[in-house]
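# quick check, what structure comes out for this input:
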Amino acid sequence: LRVAIEPRCRLVGVNDQAIDSYYREHAESYNTPEKRRARHILFKVASEDSADARQAKRAQAEKTLAQLKKGGDFSLLASQLSEDGSKTMGGDLGFFSRGQMVLPFEEAVFALKKGELSGVVETPFGFHLIKLEEILPAKTQSLEEATPSIRKVLEQQGVKAITFKKASAAYEEIIRAGSLANYSRVNNAQPIHRTEFFTRETPPKNAMLNDPAFLQAAFNLRKGELSSTVETANGYAILFVDDTKESIVPELTAVRERVEHDYK
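Predicted coordinates:
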């Protein structure tokens, strides 16, 4: 391959007005919903369980609830009785927001006050006892707090736009020149890389040339074909295929040692 490369430009300046506009346009993304941290004890029930088996599980949950109301240690009882993976952490489920748990469980958790204990809550998983440990109120990140991240996004967008414009201009010049080779003779400042033969599994040792988008474009071209502008994580590239070698299955005699090793 011969490859014309347009690496990403240096960062561009971003003014306060652009940051303010971006913040207003993406206001929802700076809202953090209320999160709650809870523990639970699960008495698991399967869909195929009989009515008697389900009733026995509920009775077990109610008995445990009575223990908790008398001052039982929730974490300790969860580690002893709960029938899910959280038992190793005393039933601790960490922080979560609405929409992350099954509805009956969510409704129970978000109806509790900090430190409160639920009744027996039934979900498709079985019967739960829940204790609300902590509440993180909903929060909106201020413009001042969001400014550093917004500035970075806008800088990257500006760099991408400028780089794409330069790459597109280079592509038009290549077309006018008639070939990438002709273009390279009159544009010494534009880096042109020429690779050796390579496979998808062993691409050139270059951050841009071993990018998945670059490799897909390269192996979609035939000998003598020029690509369009290809975007990679590190910039833009325009590819021309000088030559190709088709895949082959070698004779056994040529690879016998490797075959024997693989077989063993």
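# please make it C-alpha for all contacts and neighbour counts, starting now.
Noted.
# the helices in the chain, which residues?
Secondary structure of the chain, counting by DSSP state H: helices at 16-25, 51-69, 74-81, 103-109, 143-177, 180-186, 212-220, 252-263.
# just these: most buried one?
helix 74-81 (a mean of 19; mean count of other C-alpha atoms under 10 Å).
# low-scoring stretches of this structure, by residue?
Scanning the chain for pLDDT under 70 picks out the ranges 8-12, 188-190.
# and the residue nearest the centre of it?
The centroid of the chain falls nearest to Ala233 when counting by C-alpha atoms, centre = their mean (15.5 Å).
# go ahead and confirm it touches Asn210.
No: counting by C-alpha atoms under 8 Å, Asn210 is not a contact partner of Ala233; they are 10.3 Å apart.
# rewinding a little: out of the helices of the chain, nearest to Arg36?
The closest of those to Arg36 is helix 103-109. By C-alpha to C-alpha, the value is 7.8 Å.
# ok now stretch 183-203, how far from the chain's centre?
32 Å (C-alpha atoms, centre = their mean, to the nearest Å).
# what do you get for stretch 240-260?
With C-alpha atoms, centre = their mean, you get 37 Å for stretch 240-260.
# that one spans what distance, first to last residue?
End-to-end distance for stretch 240-260, by C-alpha to C-alpha, to the nearest Å: 39 Å.
# not counting its own residues, what contacts that stretch?
1-3, 180, 197, 218, 221-227 (C-alpha atoms under 8 Å, 6 or more residues apart in numbering).
# how about 10 Å then?
When contacts are defined by C-alpha atoms under 10 Å, 6 or more residues apart in numbering, stretch 240-260 is touched by residues 1-4, 179-181, 194-199, 218-219, 221-228, 262-264.
# same thing with stretch 139-152?
Residues from elsewhere that reach stretch 139-152 (C-alpha under 10 Å, 6+ apart): 11-16, 18-20, 22-24, 27-34, 153, 155-158.
# give me the residues contacting stretch 166-175.
Contacts for stretch 166-175 (C-alpha under 10 Å, 6+ apart): 4-7, 9, 160-165, 176-177, 179-184, 187, 190, 226-231, 235-238.
# please tell me how far that stretch is from the chain's geometric centre.
33 Å.
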